[in-house]
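1. Predicted coordinates and the sequence they were generated for:
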Amino acid sequence: MKNEKGIDFVNIWNERYKDKKLACTKRRNENDPIDYTQHPFLYKHSIAKRLTGSLDGNVMETIAAQFMTPPLGKVLAIGSGMAYGEEFLVTRGFVQHIVAYESSSVAVEAARLRLAEAGLGDKIEIRCDDVMKADIPSCSFDAVFIQAAIHHFFDIEAMFQLFYRVLKPAGLLIYSEYIGPDHHLYEPFIMNILDEIDECLSDDLRWDVLRQETRRCVPRATREWMLNMDPSEGVHSSRILPLTYKYFDVVFRGDWGGTIMRPFWTGILPNFDFSEKKDATIARLIILMEDLLIRHGIIPHYHTNIVGRRLSTPNDDLTQEEESRLNFAEKSGNSAGCNSGACVLTNYTDDNWVKGIAKNWATAFFVQDSLKAKSDFAIGRKVTFADGTTRSIIQLKENAGSLIVYLDGAPLDGNTIGYPKEIKVSDITK
């Protein structure tokens, strides 16, 4: 099957699923020399902690617990691959029924077999078809769920129009995506930053297992190479966020960088032993560099998790000025949770907390524990929330990588001033 440009993408993906080397062919591939998100240490410190507040947090579960409880009735999944994410949502009780579209027959066959053996064949219906050509009824789904597939679609606006059409009023778009430059053609200033970090490593850590040579600079992708490798890779990735804001009210946005992390680790991951303190320290410092550069608005985020609620009427297109900083921390609403730089942990919800804010048992919220947080959040200082509420800090408590900030007054309502969209800690002064 070829697309309108004469490119046989089905064959490309069938071959990738056949060799079983890509991350998408397995639940986790810790030996992947390319994808840092598959390595437990890097995933925990650069993604899980950032989005859930815990090294052991599960990003999908954290989002689903808020937006898929009570469970959604019917969900459309697009680019489902081996359907591991879909399986998780059904087995954990977040979704009752999923209709999944995947163009690779190899992936579909393997997924159907696994799901049938697990007794889930009646709950996860996988269709081997092009979702753009399928005759899907309008207003027929409670949510659309996608993991890293939107950036492969050529007609990106038609894809968002499909999301909008098939969703019920106020239905949800839930995705995890690469939102950086088209075809991963990173800006020169970012590549220069990567080279400066790379130069700090010893030669044994700079050995590129893919190119079989010592890396003297971080490799640059060229348009020609990307088009030969996969013409669909990131083809219109820079349009994903602008179109999201056009058709949806973004009720959750969990950015997780990747601007430095993804290209930097490609080819050199196998050189690091993350059980060794020195290697782990180097990795955490690189993660911190990315965090600091993003937090201070120097570099943008290139990956995000989004939950958007279908608008009754689409918005106008964003202006060029509005789009220019859309990937940066000040536009994301959750990467710089307070003016001081000590961020409220992203949207953590369980029996005791709602969006990082304590339920009725205390007047408190929590932030990631760091020297910066301890410097900013001191007893006696004031915390001013976005709604104008001001409280005094009366107690601080460290707990499992978090700093719990206790305030005076009545308990806060996490549903009305909760993080990440509605609350930002600001104006912390003595």
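-> Good, I have the coordinates. Being a predicted model, the structure only gives us computed values, none of them experimental. Numbering: from 1, shown residues only.

2. pLDDT weak spots in the protein?
-> 1-9, 12, 19-30, 330-347, 386-387, 415-430 (pLDDT under 70).

3. Outline the domain layout of it.
-> 9-332, 337-430 (automatic domain parsing).

4. would you list these in CSV and tack on mean neighbour count?
-> For every residue, glycine as well, the C-beta is placed using N, CA and C. Listed next are the domains of the chain as CSV, based on neighbours: other Cβ atoms under 10 Å:
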stretch, mean neighbour count
domain 9-332, 18
domain 337-430, 17
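
5. now the longest helix seen in the chain, how far from the chain's geometric center?
-> When the chain is parsed with DSSP state H, its longest helix is helix 277-295. Offset of helix 277-295 from its chain centre (Cα atoms, centre = their mean, to the nearest Å): 18 Å.

6. Give me the residues contacting the very next helix or strand once past it.
-> Where DSSP states H and E defines the elements, the next helix or strand beyond helix 277-295 is strand 303-310. Contact partners of strand 303-310, identified using Cβ atoms under 8 Å, 6 or more residues apart in numbering, comprise 51, 59, 63, 67, 164, 167-180, 241, 244, 247-258, 262, 332.

7. try 7 Å this time
-> Residues outside strand 303-310 that contact it (Cβ atoms under 7 Å, 6 or more residues apart in numbering): 51, 59, 63, 67, 164, 167, 169-179, 244, 248-258.

8. repeat for stretch 101-108
-> 9-10, 13-14, 17-18, 78-82, 126-131, 134.

9. If we use 10 Å, what do you get?
-> 1, 3, 9-18, 20, 24-25, 76-83, 86, 100, 110-111, 125-132, 134, 136, 149, 152 (Cβ atoms under 10 Å, 6 or more residues apart in numbering).

10. likewise stretch 311-318?
-> Residues contacting stretch 311-318 (Cβ under 10 Å, 6+ apart): 157, 160-161, 164, 169-170, 241-243, 245-249, 323-324, 326.

11. Just the element for Tyr406, please.
-> Here Tyr406 is assigned to strand 402-407, by DSSP H and E.

12. and if you look at Thr69?
-> Using DSSP H and E, no helix or strand contains Thr69.

13. Would you confirm that Gly401 contacts Ala48?
-> No: checked against Cβ atoms under 10 Å, the pair Gly401 and Ala48 is beyond contact range at 11.1 Å.

14. Which neighbours do these two have in common?
-> Joint contacts of Gly401 and Ala48 (Cβ under 10 Å, 6+ apart) are 54-56.

15. can you give me the helices in the stretch 101-250 of the chain?
-> 105-117, 156-166, 188-199, 223-229, 240-247 (DSSP state H, counting those that start in this stretch).

16. Out of these, flag the one nearest Tyr348.
-> helix 240-247 (23.2 Å; Cβ to Cβ).

17. Save the shared contacts of Gly401 and Ala48 as JSON lines, and put in secondary structure and distance to Val95 too.
-> Below are the shared contacts of Gly401 and Ala48 laid out as JSON lines (DSSP: H, G, I helix; E, B strand; the rest coil; distance: Cβ to Cβ, whole Å):
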{"residue": "Ser54", "secondary structure": "coil", "distance to Val95": "24"}
{"residue": "Leu55", "secondary structure": "coil", "distance to Val95": "27"}
{"residue": "Asp56", "secondary structure": "coil", "distance to Val95": "23"}
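
18. Could you single out the nearest of the residues you listed to Glu276?
-> Looking across the shared contacts of Gly401 and Ala48 and measuring by Cβ to Cβ, the closest to Glu276 is Leu55, at 17.8 Å.

19. was I right about the closest one contacting Ala400?
-> Yes: judged on Cβ under 10 Å, Leu55 makes contact with Ala400 at a distance of 8.9 Å.
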